[in-house]
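>>> Generate coordinates for the sequence data below:
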Amino acid sequence: MKAIKYIVALSLLLGLAYAGTQETDAKPKDSGIKWITFEEMVKLQKTKPRKIVLDVYTDWCGWCKVMDQKTFSKPSIGKYVNKKFYAVKLNAESQEKVLYKGEVISCAELAGRVWGVSGYPTTVYLNENMDLLTQPVSGYLDTTQFNKIVHYFGEDAYKTKTFDNYTVTE
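Residues are numbered from 1 along each chain as shown. Here you go, the predicted structure:
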């Protein structure tokens, strides 16, 4: 009986030791943008207003997936966006209802009717009052392009410079 207890205990210890050496699929906490839901963003805006960046996507959009993997997942992008913005993913084909400026509206209506989004991916930038900072930016943005745009809005340069002037001086 003692031998069985010893073997079981030893097996457990070896199993734990082995498991501790295995790599996990979990990403480090500081990798990429931390996305929140539209509802979470609306709540947070009431107590701690920030600018908002929305990734308007569809499930079938290949370039949306590429942008997730190659742009939004970069730690440098995540660190800046997570500090300056609320980041929200919005499925442009979803009938889920959200509250936008006092109106209950589907995600699809918000993307299409309100913001005029018709291609994917599209990035939407809003101020603290949920007003558009610029027309939605359609198409895939690589890390460099996206970084320039979020810094332009994040540093409030849009208040004093055109984007073209900002990118020339930066």
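>>> Only C-alpha atoms from now on, for both contacts and neighbour counts.
Will do.
>>> which stretches of this structure have low pLDDT?
1-30, 170 (pLDDT under 70).
>>> rerun at 80
When residues are selected by pLDDT under 80, those of the chain lie in 1-31, 169-170.
>>> could you pull out the helices for the chain?
For the chain, the helices defined by DSSP state H occupy 2-21, 38-47, 62-67, 75-84, 107-109, 143-154, 163-169.
>>> just so I know, which of the ones you listed lies nearest Glu128?
helix 38-47 (7.1 Å; C-alpha to C-alpha).
>>> Output the contacting helices and strands for that closest one.
Helices and strands touching helix 38-47, by 3 or more C-alpha pairs under 8 Å, 6 or more residues apart in numbering; DSSP states H and E, are strand 85-91, strand 97-100.
>>> Put together JSON lines for those strands, with mean neighbour count and distance to Gly116 on each row.
As requested, these are exported to JSON lines (neighbours: other C-alpha atoms under 10 Å; distance: least, C-alpha to C-alpha, whole Å):
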{"stretch": "strand 85-91", "mean neighbour count": "21", "distance to Gly116": "14"}
{"stretch": "strand 97-100", "mean neighbour count": "16", "distance to Gly116": "15"}
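>>> between the helices of the chain, which one is nearest to Ser31?
Across those, Ser31 has its closest neighbour in helix 75-84 (4.3 Å, C-alpha to C-alpha).
>>> Could you name the helices and strands sitting against the closest one?
Packed next to helix 75-84, using 3+ C-alpha pairs under 8 Å, 6+ apart, are helix 143-154.
>>> so the helix it packs on versus strand 85-91, what angle?
120 degrees (axes from the mean of the first three to the mean of the last three C-alpha atoms, to 10 degrees).
>>> what helices or strands is helix 143-154 leaning on?
For helix 143-154, the elements it packs on are helix 75-84, helix 163-169, judged by 3+ C-alpha pairs under 8 Å, 6+ apart.
>>> Highest average neighbour count across those helices: which stretch is it?
Greatest average neighbour count among the helices and strands packed on helix 143-154 goes to helix 75-84 (a mean of 17), per mean count of other C-alpha atoms under 10 Å.
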